[in-house]
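Colleague: Below is the sequence, then the predicted model.
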Protein chains: 2
Amino acid sequence: MDLTELFAFLSIPSVSTDPARREDVRRAALWLAERLKARGFRTELHETPLHPILYAERFVDEKAPTVLVYGHYDVQPPDPLELWESPPFSPVVREGRIYARGASDDKGQLFAHVLAAEEAPVNLKFLVEGEEEIGSPHLPPFVRANREKLRADVVLVSDGAMFAPHTPTLTYGLRGLCYLEVRLRGARRDLHSGAFGGVAPNPIQALGWLLARLKDEGTGKVLIPGFYERVRPVPEEEKALWPSLDEEALKRELGVEVLPGEEGYAPLERLWARPTLDPNGIWGGYQGEGSKTVIPAEAGMKLSMRLVPDQDPEEVADQAEAYLKAVCPPGYALEVRRLHGGRPVLTDPFSPPMRLMARALEEVWGRPPVYTREGGTIPVVAELKETLGAPIVLLGLGLPDDNLHAPNEKLDLVNLEKGVEVIRRFHRLLAG
Amino acid sequence: MDLTELFAFLSIPSVSTDPARREDVRRAALWLAERLKARGFRTELHETPLHPILYAERFVDEKAPTVLVYGHYDVQPPDPLELWESPPFSPVVREGRIYARGASDDKGQLFAHVLAAEEAPVNLKFLVEGEEEIGSPHLPPFVRANREKLRADVVLVSDGAMFAPHTPTLTYGLRGLCYLEVRLRGARRDLHSGAFGGVAPNPIQALGWLLARLKDEGTGKVLIPGFYERVRPVPEEEKALWPSLDEEALKRELGVEVLPGEEGYAPLERLWARPTLDPNGIWGGYQGEGSKTVIPAEAGMKLSMRLVPDQDPEEVADQAEAYLKAVCPPGYALEVRRLHGGRPVLTDPFSPPMRLMARALEEVWGRPPVYTREGGTIPVVAELKETLGAPIVLLGLGLPDDNLHAPNEKLDLVNLEKGVEVIRRFHRLLAG
């Protein structure tokens, strides 16, 4: 398989959250537009207040079905850089895997659709954004404003993972997301812990108290009032569809002896169908070598919640903010910023295009697919489902150990190669 | 007052905790030795495994009393650099104040003794270390090994603050210190919070739980078993000595509406005679702009406790470590490193040299001194007291708003000038 084009794509550091990378993000969009043009697509670059949306279309036959492919050309930040075995934006193949930021999430998976587009017997539309990793703030209004342009018989999304190696997988559910930044300010300035320890507010200590009030240590339950109210229980029939999780293998993979989580639910249900709360970053005071006896004026944390149907990110943000304000100890100025959100989504696992994709998967992999939900979030999928009304097919080509959002992100070459083949077969089955 | 020499001293970035500054720390010791030699002192530089100890002596008369001056030529790290109004190692005078890292803690105060040494009618010894800000690890053994060399009639220490502006102050007590670094490790690698949220250990969340278990949010009490056992209550007669604290002024200075602290004790007692616990730094996960949905493998914090008589830093470190191990949630690897410690100290407020210093202060400032303890720590003072057996005089020349260990550290010129004059008078009174 010729990886020249994909490697060029992976070499562009299109980190959407980093203001210093704005030109690189744009460069990734322009590069992809060129590659689609070379394959006969008509392309449009739609500007947004931040990163552009790339739309491309190629019609083969008025009567052929139309597939809308969604993907994103932006990537997560690569830090901590020192933990990468090879530079994140210098893609390499080691032991049958492509290592690079974006290899799996999502440039590699998206590029499988570009490759499969060659000689496809269906009408194809590509909707590719540069803001997925920051919560797709500008895509939903674009989708609503371009409902006709985007109309399709099926929406095809490859931005996820197979359940296990060599296990073809169809995903019918995604969690949503509510991502906040919380800052606490105590005194006007940093203070000497000797001279002022005993009377000074300490925002690091207060963040600790807030964290303990957000999630119960004993039960793993999120303590925000109302948080679980809209959570839809999983019917037993649905659980019967699920593959079984090899908990021991997961523990080995993570290097842990326990899988901590919400009391009363099995790990797979906690991953797919229960909401969670996790601090994703924390900072304050002295982080260098040795010791510094300071009580900092300010400390902060990033805090995200994964949501499940029928939770709503805005409502959860409201609940979390109100609760944080209510339990914030006196003497601290609390600031809550909403960084991004995404609605959870459930689709029909047995819609006609899902059945066709199941056949394509079985033909290529030699075994029928397993049906899964996914713990991650693709913010725009809920919008595509509701606005376009077309069936959604979530075809993950990655693997759970792809190190998404972490150092040494990778994509297995076999997944990429078979992925292209699966998509080609799906096109043919769909064209009839 | 000619500040040329002091400014040269303040320009040397002698940050003892920073391995990259090791040569600068040494340069500060050599520079000070030269300035003492120029004033007729014989100097010795004693190597340690880290930063050298400077000893200097000058004898005027066999029968004259001997004063041992203790000080330190190292300083705290200057960060956060962006909050300094002028660079930390480019001293300037603004509105009657010297701004520089070390202006008050302790280069400026120490240099007052160098200036007062000119024509002093007493025998003078200087013991100056470069490791005070990292807990003086090598000074106590040096003091024990050089008991004869260091013998003196009084030990004079200027590394503290006056109670308030224009308020001559004698300090008779210092808190001790126990400084730890705590690291928690969860999974083997950073994880995507969507793909693994619900089964992954989150060391940031666990640090929050630990912080909530270390200090009670409601009462401000430290929850480590045995922590308060050796705390000596303050006799009412001693409290009667204390000046009254202007709590409203303190609140204005700190920019706060409450002075949080241990329930049941007034602010001044909490600052001077009650132990405290404060996290001094915390880190983990993503700290950059925007959002990154990561569950980090590791997170950590710096944690210090100020101690009072008769708490012992080693015993407190043992108690804290045992407690942290006991309450650490399952699934995390806990590492506790002891960064440094210092014993608390109480001296006789009415010893003969303290009475002479009280007279010198009254003569220069026109009012008798107030008697205070101090919340900070000078680790070697307990050792000097016990090993040398000489009375200790703690003469603070700084002010509570000097921004020690914080951006924009300063020393008021009037304090420096009157400080030199007070020390000169003390020398004369002592010589009789």
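Modeller: Alright, I've got the coordinates. Residues are numbered from 1 along each chain as shown, chains lettered A, B, ... in the order given.
Colleague: Who's the closest spatial neighbour of the residue in the stretch 301-432 of chain A positioned nearest to chain B, skipping the chain neighbours?
Modeller: Closest approach between the stretch 301-432 of chain A and chain B, counting by CB to the nearest CB: A:Gly376, at 3.0 Å. Placement of C-beta: from N, CA and C, glycine included. The shortest distance from A:Gly376 to any non-neighbouring residue, by CB to CB, 6 or more residues apart in numbering or on different chains, is to B:Gly194 (3.0 Å).
Colleague: So the one you found sits against A:Pro379, correct?
Modeller: No: counting by CB atoms under 8 Å, B:Gly194 stays clear of A:Pro379, with 11.1 Å between them.
Colleague: so what's in contact with those two at the same time?
Modeller: Common contact partners of B:Gly194 and A:Pro379 (CB atoms under 8 Å, 6 or more residues apart in numbering or on different chains): A:Leu177.
Colleague: picking up where we left off before, in contact with the residue of the stretch 301-432 of chain A closest to chain B, which residues are there?
Modeller: If a contact means CB under 8 Å, 6+ apart, then A:Gly376 has A:Gly160, A:Leu174, A:Arg175, A:Leu404, B:His192, B:Gly194, B:Ala195 as its contacts.
Colleague: Stretch A:409-423 vs chain B: in contact?
Modeller: No: judged by CB under 8 Å from any CB of the partner chain, stretch A:409-423 stays clear of chain B, getting no closer than 9.8 Å.
Colleague: How far does that stretch sit from its chain's centre?
Modeller: Relative to the centre of its chain, stretch A:409-423 is centred 19 Å away, using CA atoms, centre = their mean, to the nearest Å.
Colleague: Next one: the residue nearest to A:Gly376, what pLDDT does it get?
Modeller: Per-residue confidence (pLDDT) for B:Gly194: 92.
Colleague: State the distance from it to A:Pro344.
Modeller: Distance, B:Gly194 to A:Pro344, using CB to CB, to the nearest Å: 11 Å.
Colleague: One more: A:Asp79?
Modeller: In this structure, A:Asp79 and A:Pro344 are 28 Å apart, going by CB to CB.
Colleague: for A:Ser351, same thing?
Modeller: Distance of A:Ser351 to A:Pro344, computed by CB to CB: 18 Å.
Colleague: One more: A:Leu416?
Modeller: 28 Å.
Colleague: what does A:Pro329 give?
Modeller: Applying CB to CB, the value for A:Pro329 to A:Pro344 is 33 Å.
Colleague: Between these two, which is the more surrounded one?
Modeller: A:Pro344 (25 against 21; other CB atoms under 10 Å in any protein chain shown).
Colleague: My guess is that one contacts A:Met305. True?
Modeller: No: counting by CB under 8 Å, A:Pro344 does not reach A:Met305; the two are 11.0 Å apart.
Colleague: any idea whether the closest residue to chain B within the stretch 1-150 of chain A is helix, strand or coil?
Modeller: Chain B sits closest to A:Thr17 of the stretch 1-150 of chain A, with a gap of 3.3 Å, by CB to the nearest CB. Three-state call for A:Thr17 (DSSP: H, G, I helix; E, B strand; the rest coil): coil.
Colleague: how about the nearest residue to it, chain neighbours excluded?
Modeller: B:Gly290 (3.3 Å).
Colleague: Contact partners for the one you found?
Modeller: By CB under 8 Å, 6+ apart, the contact set of B:Gly290 is A:Thr17, A:Asp18, A:Ile134, A:Leu339.
Colleague: Quick one: residues contacting A:Val422.
Modeller: A:Pro168, A:Met357, A:Ala360, A:Leu361, A:Val364, A:Trp365, A:Leu395.
Colleague: now the one helix or strand the third one maps to: how far from the chain's centre is it?
Modeller: In this case it means A:Ala360. In the assignment (DSSP states H and E), A:Ala360 maps to helix A:352-365. With CA atoms, centre = their mean as the basis, helix A:352-365 stands 24 Å off its chain's centre.
Colleague: for it, packing partners?
Modeller: strand A:169-174, strand A:392-394, helix A:413-431 (3 or more CB pairs under 8 Å, 6 or more residues apart in numbering or on different chains; DSSP states H and E).
Colleague: I'd like the ones you listed written out as TSV, with mean pLDDT added.
Modeller: Putting those into TSV (pLDDT from 0 to 100) gives the following:
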stretch	mean pLDDT
strand A:169-174	96
strand A:392-394	97
helix A:413-431	98
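Colleague: mind listing what the residue nearest the centre of chain A touches?
Modeller: Nearest to the mean C-alpha position of chain A, by CA atoms, centre = their mean, lies A:Thr377 at 4.4 Å. With contact taken as CB under 8 Å, 6+ apart, A:Thr377 is in contact with A:Leu174, A:Arg175, A:Gly176, A:Leu177, A:Arg306, A:Gly342, A:Pro344, B:Gly194, B:Thr293.
Colleague: I'd assumed A:Asp310 was in contact with the third one.
Modeller: What that stands for is A:Gly176. No: A:Gly176 is beyond contact range of A:Asp310, at 9.8 Å (criterion: CB under 8 Å).
Colleague: Looking at these two, which one has more neighbours?
Modeller: Under the criterion of other CB under 10 Å, the comparison of A:Gly176 against A:Asp310 puts A:Gly176 first, with 26 against 14.
Colleague: quick one: which of the contacts of A:Gly376 is nearest B:Phe59?
Modeller: B:His192 (70.8 Å; CB to CB).
Colleague: In contact with that closest one, which residues are there?
Modeller: Contacts of B:His192 by CB under 8 Å, 6+ apart are A:Gly376, A:Leu404, A:His405, A:Ala406, B:Thr293, B:Val294, B:Ile295.
Colleague: May I have the beta-bridge partners of it?
Modeller: Beta bridges link B:His192 to B:Val294, judged by DSSP bridges.
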